[in-house]
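Colleague: A predicted structure for the sequence below; I have some questions about it.
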Amino acid sequence: MFELIGRDEIGAIHVASMEILERVGVLIKHAEALKILEEAGATVDKKKEIVKIPEYLVREALRKTPSRDLLRARNPKYNILIGDGNSYFTNAFGAHYTIDLETGERRSATVKDLDDFTLLSDYFSTVDYVKPNIMPQEISQDVLQQEMALSMFKNTEKHCSVLALTPEGFRDVIEMSKIYAGGEEEFIKNPSLIDTGFNNVPPLKYSEDIIDMVLECAKYGIPFDISTGALASASGPVTLAGMIVQGIAENHAVVVLTQLVGPGTPIMWGSCGTILDQRHGTAAYGAPENGLIHAAFVQMARYYGIPYYGAAGVIDSKAADPQAAYENMLNVLVATLAGADVVHDAVYGILEAGITASYEMFAMSNEICGAVKRVAKGMRVTKETLAVDIIEAVGHDKNHLTSDEALAFTKKHLLEEIWQPWITDRTSRPDWESRGSKDMVQRAREKAKKILETHKVEPLDKDVEAGMRKIIERRVKKRN
């Protein structure tokens with residue numbers, strides 16, 4: 001496991017973070033939340049809406065926060081236990097544009113794109129649970145969250161992480177999720193059928209809407225991720241250590257509030273932040289510093305006993321090209337080897353740091369993440385895998401393709417030991433040329449098309465879908 005910082009550095013970062021919480025505080029624009037925190041022992045300046053939180057409240061909250069969380073799926077075979085020692089990958093989130101799979105032209109993203117990217121996420125084995133890859137541009141904002149949730153519920157059997165933009169829309173999505181779960185009672189028993197996520201407004205503040213939705217999660221025990229969104233040298237310090245300190249203070253404020261309201265509510269804790277490239281005034285998510293931020297945060301999450309969630313696969317490139325590939329690979333690999341519980345944006349099918357979805361890049365990223373997962377799995381060293389008897393049976397005159405014993409051994413262990421890529425080309429040049437000399441982008445495009453033509457998921461029950469649709473129609477009537 002990759003460890004970036006030592007024990008003394010972990011201690012120093014913790015002390016500095018607690019100092020920020022107690023001396024500087026966090027601005028929370030929410031009267032009810034401030035009252036809850038004040039009654040618990042925090043110092044609140046009601047006029048400035050700043051809360052200063054003592055370390056003992058943080059310690060108490062962390063004791064109540066689960067170190068593991070079972071994210072449930074419509075199909076139980078896709079349930080995953082966050083915090084079990086594995087790194088789980090999500091797809092990307094929130095593209096406003098799409099590179100059309102047929103024309104190659106950039107256009108506004110649609111619900112059909114969200115359907116398709118969700119279906120691909122269902123198919124790709126590297127996607128462990130599903131985020132909304134697309135923000136459909138033809139949908140009115142007041143029903144956007146609801147339409148996106150319905151699209152995801154219909155097009156994957158995996159666990160769905162739903163969008164939370166506004167309190168009203170998020171409450172509708174919760175009502176839809178109750179129908180999805182089989183009724184309110186079932187949802188209350190199993191609120192981890194969905195999860196969601198929030199970023200703060202750095203530095204050191206939260207909006208009223210975000211806190212409203214955090215409280216809604218705490219009410220039901222709905223799992224969520226809380227991630228600092230700071231940019232080093234802009235909304236956070238230029239030093240990476242300072243970024244970590246600020247992010248911990250921001251995240252812990254929500255952990256404390258959540259556990260005061262809904263003790264035991266599962267929280268994934270981490271970072272969606274990176275550096276600002278001062279030369280261009282842009283967030284640089286593909287930068288190597290992004291991976292270092294995640295590696296340090298992972299160690300701090302382990303210190304606090306809370307699952308780590310980090311957006312480590314984001315691509316700055318404008319095309320599915322070598323830059324996109326190395327950016328995706330570099331930070332996903334670093335975060336995974338550091339032991340991140342969730343590598344958000346790992347299977348990253350969006351270019352321009354979250355703006356333009358690319359079907360080809362999604363397929364390529366699935367390939368990249370397959371390789372990363374294989375590296376993370378490591379090597380099995382057992383009496384059987386040391387293969388002394390097989391090496392002896394092959395001896396000096398045979399090889400492992402001509403020995404019956406070796407062939408049986410290979411058949412038994414091949415898929416466990418050797419990663420099987422599906423768009424990487426390892427053929428000879430004559431074979432590659434005979435197949436049209438296609439580069440990886442072309443092969444990825446063909447693979448994506450084939451999956452969308454052939455892959456099917458178990459359809460939602462018609463009454464379930466109709467019930468969800470009624471909630472959306474009710475919201476439309478309120479608007480009109």
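Modeller: Yes, it's here.
Colleague: name the element the closest residue in space to S125 that isn't next to it in sequence belongs to?
Modeller: In space, and not counting its chain neighbours, S125 is closest to G370: 7.5 Å by Cβ to Cβ, 6 or more residues apart in numbering. Glycine gets a C-beta too; all of them are placed from N, C-alpha and C. Element membership for G370, per DSSP states H and E: helix 359-377.
Colleague: what about I194, neighbour count?
Modeller: Counted with other Cβ atoms under 10 Å, residues neighbouring I194 total 28.
Colleague: and it, what does it touch?
Modeller: Counting by Cβ atoms under 8 Å, 6 or more residues apart in numbering, I194 makes contact with H159, C160, S161, V162, V173, I174, S177, Y180, I222.
Colleague: which stretches of the stretch 151-300 of the chain have low pLDDT?
Modeller: Along the stretch 151-300 of the chain, no part satisfies pLDDT under 70.
Colleague: now the helices for it?
Modeller: Ranges of helices in the stretch 151-300 of the chain, per DSSP state H, counting those that start in this stretch, are 167-181, 184-189, 208-220, 240-261, 288-304.
Colleague: average model confidence for the helix holding G370?
Modeller: Here helix 359-377 scores 97 as its mean pLDDT.
Colleague: how about CSV for the contacts of I194, with distance to R302 added?
Modeller: Output for these, formatted as CSV (distance: Cβ to Cβ, whole Å):
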residue, distance to R302
H159, 23
C160, 27
S161, 23
V162, 28
V173, 32
I174, 31
S177, 31
Y180, 33
I222, 24
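Colleague: of all those, which two lie farthest apart?
Modeller: Farthest-apart pair in those is H159 and I174; separation 15.7 Å (Cβ to Cβ).
Colleague: tell me how the protein divides into domains.
Modeller: Recorded structural domains for the chain (assignment: automatic domain parsing) are 63-377, 388-417.
Colleague: deepest of those, which one?
Modeller: domain 63-377 (a mean of 22; mean count of other Cβ atoms under 10 Å).
Colleague: what's the end-to-end length of that domain?
Modeller: By Cα to Cα, to the nearest Å, the extent of domain 63-377 from end to end equals 30 Å.
Colleague: tell me the SS of F117?
Modeller: Of the three states, F117 takes helix according to DSSP: H, G, I helix; E, B strand; the rest coil.
Colleague: ok, for it, nearest residue in space, not its chain neighbours?
Modeller: Spatially, and ignoring its direct neighbours in sequence, F117 is nearest to N133 (3.7 Å; Cβ to Cβ, 6+ apart).
Colleague: quick one: the one you found from K412, how far?
Modeller: Using Cβ to Cβ, to the nearest Å, we find N133 at a distance of 38 Å from K412.
Colleague: H14 too?
Modeller: Distance, H14 to K412, using Cβ to Cβ: 47 Å.
Colleague: likewise A33?
Modeller: A33 sits 57 Å away from K412 when distances are taken as Cβ to Cβ.
Colleague: could you do Y88 as well?
Modeller: 28 Å.
Colleague: if we can go back for a sec, out of the helices of the stretch 151-300 of the chain, which comes closest to G6?
Modeller: Nearest to G6 among those is helix 288-304 (9.2 Å), distances taken as Cβ to Cβ.
Colleague: in PDB, list the C-alpha atoms belonging to the closest one.
Modeller: Extracted C-alpha coordinates of helix 288-304, given in PDB (Å, rounded to 0.1, in the frame of the first residue of the first chain):
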ATOM      1  CA  PRO A 288      -0.200  14.500 -10.500                       C
ATOM      2  CA  GLU A 289      -0.900  16.700  -7.400                       C
ATOM      3  CA  ASN A 290      -4.500  15.400  -7.500                       C
ATOM      4  CA  GLY A 291      -3.300  11.900  -6.800                       C
ATOM      5  CA  LEU A 292      -1.100  13.100  -4.000                       C
ATOM      6  CA  ILE A 293      -4.000  14.900  -2.400                       C
ATOM      7  CA  HIS A 294      -6.000  11.700  -2.500                       C
ATOM      8  CA  ALA A 295      -3.200   9.600  -1.100                       C
ATOM      9  CA  ALA A 296      -2.800  11.900   1.900                       C
ATOM     10  CA  PHE A 297      -6.500  12.100   2.500                       C
ATOM     11  CA  VAL A 298      -6.800   8.300   2.400                       C
ATOM     12  CA  GLN A 299      -4.300   8.100   5.300                       C
ATOM     13  CA  MET A 300      -6.200  10.800   7.200                       C
ATOM     14  CA  ALA A 301      -9.500   8.900   6.600                       C
ATOM     15  CA  ARG A 302      -7.900   5.700   8.000                       C
ATOM     16  CA  TYR A 303      -6.700   7.700  11.000                       C
ATOM     17  CA  TYR A 304     -10.300   8.800  11.700                       C
END
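Colleague: and that helix with helix 240-261, angle?
Modeller: Here helix 288-304 runs at an angle of 40 degrees relative to helix 240-261 (axes from the mean of the first three to the mean of the last three Cα atoms, to 10 degrees).
Colleague: partners of the helix or strand hosting Y309 in the sheet?
Modeller: Assessed by DSSP H and E, Y309 sits inside strand 308-311. Paired neighbours of strand 308-311 in the sheet (DSSP bridges): strand 267-271 (parallel), strand 342-347 (parallel).
Colleague: could I get those strands as CSV with distance to D321?
Modeller: Listed next are those as CSV, based on distance: least, Cβ to Cβ, whole Å:
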stretch, distance to D321
strand 267-271, 26
strand 342-347, 18
